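Visitor: Requesting a structural model of the entry that follows:
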Amino acid sequence: MSKLLERLRDPSRSGVYRSSDGKAILEATRGSGLDLVTIDMDPVDPLGSIARALDFPDWFGANWDALEDCLGDLSWRRGDGHVLIFPSIPDGDARRLLLDVLRSSAEYWRARGKPFFAVLLDPARKLELPDLYRAA
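Guide: Below is the predicted model:
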């Protein structure tokens with residue numbers, strides 16, 4: 001098992017990270033039993049983008065509190081843990097709110113012993129987030 005997959009299977013390391021490329025994550029999780037979803041965010045409808053990518057139930061209220069509720073449930077998703085890859089995220093208040101919700105969700109799942117990783121692709125390393133892994 002690769003070191004990256006070991007990290008992604010470790011609930012104690014659940015969190016919000018950055019990575020320069022999603023390819024290594026896709027390769028590491030292939031066949032692993034982890035629920036991996038790439039979420040292409042529409043800047044006009046960021047919540048809708050997440051809801052569609054994760055097949056949120058009809059009761060999703062399309063607001064930030066409802067996003068946190070859904071990310072804290074995910075009972076309709078299969079997998080030993082969840083890895084969400086974001087090639088891009090919105091700017092401004094939407095970015096701040098999204099990061100807050102993702103951090104809160106990671107803490108929730110960490111406390112329950114299930115991996116939850118939100119990985120923002122940031123090749124320019126502009127986001128103030130820890131690196132998910134160091135490329136060789």
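
Visitor: what sits up against the longest helix seen in the chain?
Guide: Secondary structure of the chain per DSSP state H: the longest helix is helix 92-111. Applying C-beta atoms under 8 Å, 6 or more residues apart in numbering, the contact partners of helix 92-111 are 11-12, 14-16, 46, 64, 67-68, 71-72, 81-82, 84, 89-90, 115-118. In this view, the C-beta of every residue, glycine as well, is placed from N, C-alpha and C.

Visitor: angle of whatever helix or strand comes next after that helix against helix 92-111?
Guide: Next along the chain after helix 92-111, taking DSSP states H and E as the criterion, comes strand 116-121. Calculated by axes from the mean of the first three to the mean of the last three C-alpha atoms, to 10 degrees, strand 116-121 forms an angle of 140 degrees with helix 92-111.

Visitor: Show me what strand 116-121 is packed up against.
Guide: Counting contacts by 3 or more C-beta pairs under 8 Å, 6 or more residues apart in numbering; DSSP states H and E, strand 116-121 is packed against strand 15-19, strand 82-86, helix 92-111.

Visitor: neighbouring strands for that strand, and are they parallel or not?
Guide: Partner strands and pairing direction for strand 116-121 (DSSP bridges) are strand 15-19 (parallel), strand 82-86 (parallel).

Visitor: Quick one: closest of those to Asp131.
Guide: Nearest to Asp131 among those is strand 15-19; the distance by C-beta to C-beta comes to 6.1 Å.

Visitor: Not counting its neighbours along the chain, what's nearest the residue nearest to the spatial centre of the chain?
Guide: Centroid-nearest residue in the chain: Ala118, 2.4 Å away (criterion: C-alpha atoms, centre = their mean). Nearest residue to Ala118 in three dimensions, chain neighbours excluded: Leu102, at 4.1 Å (C-beta to C-beta, 6 or more residues apart in numbering).

Visitor: now that neighbour: how far from Gly31?
Guide: 25 Å (C-beta to C-beta, to the nearest Å).

Visitor: Between those two, point out the one with more neighbours.
Guide: Leu102 (25 against 7; other C-beta atoms under 10 Å).
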